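Visitor: Pasting a predicted model and its sequence here:
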Number of protein chains: 2
Amino acid sequence: MTFTGRELRSTIKDGKLTLSLEQVEIDDPADDEIVVRVEAAPINPSDLGLLLGPSDLATLEMRPRSEAGLTFSIPEARLASVQGRLGQSMGVGNEGAGTVVAAGRDAASLEGKRVGMIGGAMYADYRRIKAAEVIPLPDGATAAEGAAMFVNPLTALGFVETARQGGHTGIIHTAAASNLGQMLQKICLNDGMTLINIVRSQEQMAVLREIGASHVLNSQDEDFTARLAEAVEETGATIAFDAIGGGTLGSDILRAMEQVQVRQMAEYNRYGSNILKQLYIYGALDPSPVVLDRLKFGFQWSASGWLLSPFLQKAGPEVVQRMRSRVVDELTTTFASQYSRVISLAEALEPEVLLAYERKATGEKFLIDPSKG
Amino acid sequence: MTFTGRELRSTIKDGKLTLSLEQVEIDDPADDEIVVRVEAAPINPSDLGLLLGPSDLATLEMRPRSEAGLTFSIPEARLASVQGRLGQSMGVGNEGAGTVVAAGRDAASLEGKRVGMIGGAMYADYRRIKAAEVIPLPDGATAAEGAAMFVNPLTALGFVETARQGGHTGIIHTAAASNLGQMLQKICLNDGMTLINIVRSQEQMAVLREIGASHVLNSQDEDFTARLAEAVEETGATIAFDAIGGGTLGSDILRAMEQVQVRQMAEYNRYGSNILKQLYIYGALDPSPVVLDRLKFGFQWSASGWLLSPFLQKAGPEVVQRMRSRVVDELTTTFASQYSRVISLAEALEPEVLLAYERKATGEKFLIDPSKG
């Protein structure tokens, strides 16, 4: 039995990025593979980079040809950053969930099961994939519940794991009202790790208080800097995970950490405290450069990128297995995702829909359900 | 026998920083201590922070009282950064060399020996110090030759050690024509580590070529960026040690590293290469914030402070002993320092002399010899 279905593809060529739905025939699964009918796939901020590249969204135009699809122009200066993908038709969508409709010889036990999976190209009717890259969902779980069981849950668990490995006892998180941020708060409450949440509105503060957060700061408040200093004093936080990236917020955080540490020093040291203050930047809500006023935080500081897959590789199979099991166990509690809108594969390419999910507004989260058309 | 001598002291009080020479009586050494007559102590950039604090040099004034000394005003906004030292009379000078004039019972073998030492408060006629913190100089070595055997030599060796521990095979160094930079180049030549030197003038390029450097770039050249890319391509450098700190040079370096790594990738990854690119900032020739255009270098990057003493602590006693022995063995070759001027302790407080060593100009390096007065 062979399957035929649509795959959402993103292609950059001749200075233009084109999004299209390609009709493809799915090859039979190899012995260690399965074919999954995709029933739910979230649109994560991390999917948008591959989907839209460095397109100028203002140039959005309906393709003049007969196929469904959208075309954007890419400014000349930004083309260098995507040199490596020019001319390639790329599948999009990091993760998803669905039902196994065909299985290779070594994966027969998965036949008919509902699974969550990670591996790219999930915005499609069918996905052929190695059995090792999927996780069977607990009985009764819907595809929507299992669609986002990798990126956000493993990232949130990875933050806590990273903090523990570095000997930190308090975490600061920015853009903290996101699905990821809510998971992180629940994990921290459960695991006894202190967490300072930084958000940008009263509404977002309420979302986090609702699930039990004790430290929630609004960066738009006039007295934000003073409140940040107080919260760091109370928690002794020395590690931060920052989704924003650009600007001076990361610098302000490192500075607040250093000030607290310096006050606890018995003896003056002009190089500052000898406690490492660590800033991890994992997102790019603000793509402008990060500006670090480093002389304000001594010499024991570090700012680094944080990315899930290298973290998992470094953590090793045992840690990864432990994290995956926990996600399955707490799928509908700690790791529940909220979606504001469920769209079809075709709708994902409608201009007004695309502009809506591209905004990455907190509280708005889209799920693609290919069965809707 | 007791010793009486002068100590250079820096004190911040009532918004002013005062430098003075205090007459002090040296306590008898404890069993594990010695008293050293200081004969040479370098003025390193790292000494100036404690010496001058955040003073406004334009406010330099001769003290109106009878003692020799200088007074500066400190702008209100900068006082917070030195909260921890207010009112304390602080000795200055990280390292020096001299002759042991008294020794405790357990350190009798050092009596009369010439030693190099580290531990602060070296701008003085005498320094009482633990025997474990000094190293006897090789026979025939002068105090000037042994005066700077800790900070620069251990830092240069520490850079290479840090690079090796991180699995890096090529280093980039900025402000590379300094005494430290020359030591680093000699070590790299000897140890087979590739080094890219970045300097700011033709004269500095010549200094490094003279000692055998093969990669020397002038950041003032119009085609600097292109040359940096070439040099990184040739060497595969993935770690940098930056004395400048402020501005965008560090960002340009990380970007050049990433571009080279991305060109070697078999498959496009929108998160960039999975090779860690590490920037260590160890100086502050430019005190302005560091500006990192991080989206140009993927997610596997890190920028951190680098400081000698925490490095040594982390490296452990075996590594430190190996490094110290090498410094003694190569004291007059690899680790030779050049001084442009030898001044007395009193001259260190003359306004025009102070302004000269405060400039930190490459090629200008001051040595204090208290025996000169």
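Guide: Ah, there it is.
Visitor: Return the residues of the stretch 151-300 of chain A in contact with chain B.
Guide: Contacts of the stretch 151-300 of chain A with chain B, taken as C-beta under 8 Å from any C-beta of the partner chain, map to A:245, A:248, A:251, A:262, A:265, A:268-271, A:274, A:281-282, A:284, A:287, A:289-296, A:298-300. Placement of C-beta: from N, CA and C, glycine included.
Visitor: just the helices in chain A please.
Guide: All helices of chain A, identified by DSSP state H, fall at A:45-52, A:143-146, A:151-165, A:179-191, A:202-210, A:224-235, A:249-263, A:308-315, A:317-329, A:351-358.
Visitor: distance between the shortest one and the chain's centre?
Guide: Think helix A:143-146. 16 Å (C-alpha atoms, centre = their mean, to the nearest Å).
Visitor: what do you get for the fourth one?
Guide: Centroid separation between helix A:179-191 and its chain, computed with C-alpha atoms, centre = their mean, is 14 Å.
Visitor: now do the first one
Guide: Centroid separation for helix A:45-52 versus its chain: 10 Å, with C-alpha atoms, centre = their mean.
Visitor: need the contact list for A:Arg270.
Guide: With contact set as C-beta atoms under 8 Å, 6 or more residues apart in numbering or on different chains, A:Arg270 has these partners: B:49-50, B:85.
Visitor: Return the set of buried residues in the lowest-mean-pLDDT helix or strand in chain A.
Guide: Lowest mean confidence among the helices and strands of chain A (mean pLDDT, DSSP states H and E): strand A:56-62, at a mean of 78. Across strand A:56-62, burial judged by 16 or more other C-beta atoms under 10 Å in any protein chain shown covers A:Leu60.
Visitor: when you compare where that strand runs with where helix A:45-52 runs, what's the angle?
Guide: Inter-element angle recorded for strand A:56-62 and helix A:45-52: 60 degrees (by axes from the mean of the first three to the mean of the last three C-alpha atoms, to 10 degrees).
Visitor: Can you give the strand pairings for strand A:56-62, parallel or anti for each?
Guide: strand A:69-73 (antiparallel) (DSSP bridges).
Visitor: what angle sits between the partner strand and helix A:351-358?
Guide: Using the same axes, to 10 degrees: strand A:69-73 against helix A:351-358 is 60 degrees.
Visitor: Hmm, A:Val134 is touching A:Leu110, no?
Guide: Yes. Between A:Val134 and A:Leu110 a contact is recorded at 7.2 Å, counting by C-beta atoms under 8 Å.
Visitor: the more surrounded of the two?
Guide: A:Val134 (25 against 19; other C-beta atoms under 10 Å in any protein chain shown).
Visitor: Per-residue confidence, that one, what does it come out as?
Guide: Here, the pLDDT recorded for A:Val134 equals 95.
Visitor: Enumerate the beta-bridge partners assigned to A:Gly91.
Guide: Beta-bridge partners, per DSSP bridges, of A:Gly91: A:Arg9.
Visitor: Please report how far it lies from chain B.
Guide: 12 Å (C-beta to the nearest C-beta, to the nearest Å).
Visitor: Give me the neighbour count for that residue.
Guide: As a burial measure, A:Gly91 scores 18 neighbours (other C-beta under 10 Å).
Visitor: Got the domain ranges for chain A?
Guide: A:3-148+A:337-372, A:152-312 (automatic domain parsing).
Visitor: which one of those is the most hemmed in?
Guide: The highest mean neighbour count among those, using mean count of other C-beta atoms under 10 Å in any protein chain shown, belongs to domain A:152-312: a mean of 20.
Visitor: Quick one: mean pLDDT for it?
Guide: pLDDT averaged over domain A:152-312 gives 95.
Visitor: same check, this time on stretch A:331-347
Guide: 93.
Visitor: First residue to last residue on that stretch, what's the distance there?
Guide: Start to finish, the residues bounding stretch A:331-347 are 27 Å apart (C-alpha to C-alpha, to the nearest Å).
Visitor: Same question for stretch A:144-156.
Guide: Stretch A:144-156 has an end-to-end distance of 19 Å (C-alpha to C-alpha).
Visitor: Stretch A:356-373 too?
Guide: End-to-end distance for stretch A:356-373: 19 Å, by C-alpha to C-alpha.
Visitor: now that stretch, how far from the centre of its chain.
Guide: Averaging C-alpha positions (C-alpha atoms, centre = their mean) puts stretch A:356-373 14 Å from its chain's average.
Visitor: Let me know whether it sits next to chain B.
Guide: No. Using C-beta under 8 Å from any C-beta, stretch A:356-373 stays clear of chain B, coming no nearer than 15.5 Å.
Visitor: wouldn't A:Gln88 be in contact with A:Thr11 here?
Guide: Yes. At 6.8 Å, A:Gln88 counts as touching A:Thr11 under the criterion of C-beta under 8 Å.
Visitor: Show me what the residue of the stretch 101-250 of chain A found nearest chain B is bridged to.
Guide: In the stretch 101-250 of chain A, the residue that lies nearest chain B is A:Gly245 (6.6 Å; C-beta to the nearest C-beta). Counting by DSSP bridges, A:Gly245 is bridged to A:Asp286.
Visitor: State the distance from it to A:Thr155.
Guide: Counting by C-beta to C-beta, to the nearest Å, the gap from A:Gly245 to A:Thr155 is 15 Å.
Visitor: got the phi/psi numbers for the residue lying farthest from the centre of chain A?
Guide: In chain A, A:Glu267 marks the outermost C-alpha relative to the chain mean, sitting 42.4 Å out by C-alpha atoms, centre = their mean. When read as degrees, to the nearest 10, the backbone of A:Glu267 gives phi -130, psi 140.
Visitor: A:Thr238 too?
Guide: According to degrees, to the nearest 10, A:Thr238 has phi -130, psi 10.
Visitor: how close does the closest residue to it other than its chain neighbours sit to A:Leu86?
Guide: Nearest in space to A:Thr238, with sequence neighbours left out and distances taken as C-beta to C-beta, 6 or more residues apart in numbering or on different chains, is A:His168 at 5.0 Å. Counting by C-beta to C-beta, the gap from A:His168 to A:Leu86 is 41 Å.
Visitor: And A:Lys365, by the same measure?
Guide: In terms of C-beta to C-beta, A:Lys365 sits 31 Å off from A:Leu86.
Visitor: One more: A:Thr71?
Guide: A:Thr71 is 15 Å from A:Leu86, by C-beta to C-beta.
Visitor: go on, A:Met205?
Guide: 44 Å.
Visitor: still on that earlier bit, please name whichever of the helices of chain A is nearest to B:Val216.
Guide: Nearest to B:Val216, of all these, is helix A:249-263, at 32.7 Å by C-beta to C-beta.
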